[in-house]
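Enquirer: sequence first, predicted coordinates after that:
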Amino acid sequence: MSPHFVNPARPKGAEKLLGLGLLLALAVVGLGIFFSQFDYNPAVESWRQLKKGPAGPAPAAKTSDASDAAAALAALAPASLTPAGPAQSFGPDDLYVKINGKADLYLTSGFVSLASQRFALKNDAEAWLELYAYDMGDPRGAFSVFSQQRRPGGQPLADAPLAYVTANAVYAARGRYYLEVVGSAGNPALLAAARDLALNFLASRGDRAETLREASWFPGQGMLSESLALAREGAFGFAGFKDLFLARYQTKDGEAVAFISLLPNPAAAQKLAGDYLGFIAANGGKEMTPPPAAPPGARLAEFIGSHELVFSQGPLLAGVHEAPTAAAAVELAASLAGALREVRP
């Protein structure tokens, strides 16, 4: 969860320096919490549980609409698999039971329910996997968790745009669903069955992935592969950000993050830009005068050795986060502003 920052009364002398140090530390933690979500993967914990074997205790299934959905998962199994235990379902109140308490990312992204089913290879009961079908409410919720948990080194899954395969698992998003199929080992036969199971599930949810329009608004030049993500709330530790799209870029001075959010109107976008700079300043950031190359109305700040830039363009809020230099922030922001001039929200 993103921390809440409070601007304390102005201290004096050594107390002022101590207070500033604590604020900077809290701000680093707040920013780090958001980006740590991109590195956390509940499927790793799922894999640990799977390694215990199908005989291990499993949370009790509950009766609900999600339970009916879970029961239907068995029909999606390829011929090589057989169910290994009962189907299960979980809601917002007990999701933590299934994924070891790491439920915040899902809950803040619109989580509705989880349906899961374990399967084993028919010719090898020791080789087994589990399918996790997260109903995230809408395509944005599904893309949010898919993008924030993307594992490095994954290979694309054929015929599925938002899907990839790792050494022992398949991850995908389709419509309102986020899917994980996690194997107990990197067994080639098991991984082939996981692919088939995932494709069967995706086909049952429609023949194409949803296109989120904001994803096409970023400039292509310099964007790092598979870095596009969506944070439904609390990006960078700032509670004011909702539905913030982000992408990492390589600049001449190092990596930086570009971000975009569509607001109801230009006034709301302009106000949120000011609120974000106020948040940065309240936590030790120092505002700088942006150079002429910056987008009109842009505001720039140095913050703990990196640079933040934010601007509004009509109803769009946009900016650059954690740029290594002011020049890199301005260059990326100018590229972003140029791409957004072609956008008709």
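Expert: Now that the structure is in, tell me what you want to look at. On a predicted model such as this, the values are computed, not experimentally measured, just so you know.
Enquirer: I'd guessed Ser147 sits against Ala215; true?
Expert: No - counting by CB atoms under 8 Å, Ala215 is not a contact partner of Ser147; they are 9.5 Å apart. (Glycine included, C-beta is placed from N, CA and C.)
Enquirer: mutual contacts of these two, please.
Expert: Common contact partners of Ser147 and Ala215 (CB atoms under 8 Å, 6 or more residues apart in numbering): Leu228.
Enquirer: if you count surrounding residues, which of those two has more?
Expert: Applying other CB atoms under 10 Å to Ser147 and Ala215 shows that Ser147 carries more neighbours, namely 23 against 15.
Enquirer: where does the stretch 151-300 of the chain dip in pLDDT?
Expert: The model of the stretch 151-300 of the chain has pLDDT under 70 over residues 207-210.
Enquirer: gap between the two ends of stretch 251-266?
Expert: Using CA to CA, to the nearest Å, one end of stretch 251-266 lies 29 Å from the other.
Enquirer: now the nearest residue to Gly297 once chain neighbours are set aside, what's its secondary structure?
Expert: Closest residue in space to Gly297, ignoring its immediate chain neighbours: Phe311 at 5.4 Å, by CB to CB, 6 or more residues apart in numbering. With DSSP: H, G, I helix; E, B strand; the rest coil as the basis, Phe311 sits in strand.
Enquirer: now Phe311: how far from Ile280?
Expert: 14 Å (CB to CB, to the nearest Å).
Enquirer: again, but for Val182
Expert: 39 Å.
Enquirer: do Gly274 as well
Expert: The value you get for Gly274 to Ile280, if CB to CB is used, is 11 Å.
Enquirer: do the same with Lys252
Expert: 24 Å.
Enquirer: can you check Leu162 too?
Expert: Counting by CB to CB, the gap from Leu162 to Ile280 is 33 Å.
Enquirer: now do Lys122
Expert: Relative to Ile280, Lys122 is positioned 57 Å away (CB to CB).
Enquirer: Asp243 too?
Expert: Distance, Asp243 to Ile280, using CB to CB: 20 Å.
Enquirer: please say which of the two ends up with more neighbours.
Expert: A count of neighbours by other CB under 10 Å puts Ile280 above the other of Asp243 and Ile280, at 22 against 17.
Enquirer: and the more buried one, its phi and psi?
Expert: phi -60, psi -50 (degrees, to the nearest 10).
Enquirer: cool, Ala203 as well?
Expert: Note on Ala203: its backbone torsions stand at phi -60, psi -30 [degrees, to the nearest 10].
Enquirer: check contacts around it.
Expert: Neighbour list for Ala203: empty [criterion: CB under 8 Å, 6+ apart].
Enquirer: show me what the lengthiest strand in the chain is packed against.
Expert: For the chain, the longest strand by residue count, based on DSSP state E, is strand 124-135. Identification of packing neighbours for strand 124-135 by 3 or more CB pairs under 8 Å, 6 or more residues apart in numbering; DSSP states H and E yields helix 42-51, helix 65-71, strand 113-121, strand 177-183, helix 188-204.
Enquirer: redo that, cut-off 7 Å
Expert: When contacts are defined as 3 or more CB pairs under 7 Å, 6 or more residues apart in numbering; DSSP states H and E, strand 124-135 packs onto helix 42-51, strand 113-121, strand 177-183, helix 188-204.
Enquirer: follow-up on the earlier one: OK, contacts around the residue nearest to Gly297?
Expert: Residues near Phe311 by CB atoms under 7 Å, 6 or more residues apart in numbering: 273, 295, 297-298, 318-319, 333, 337.
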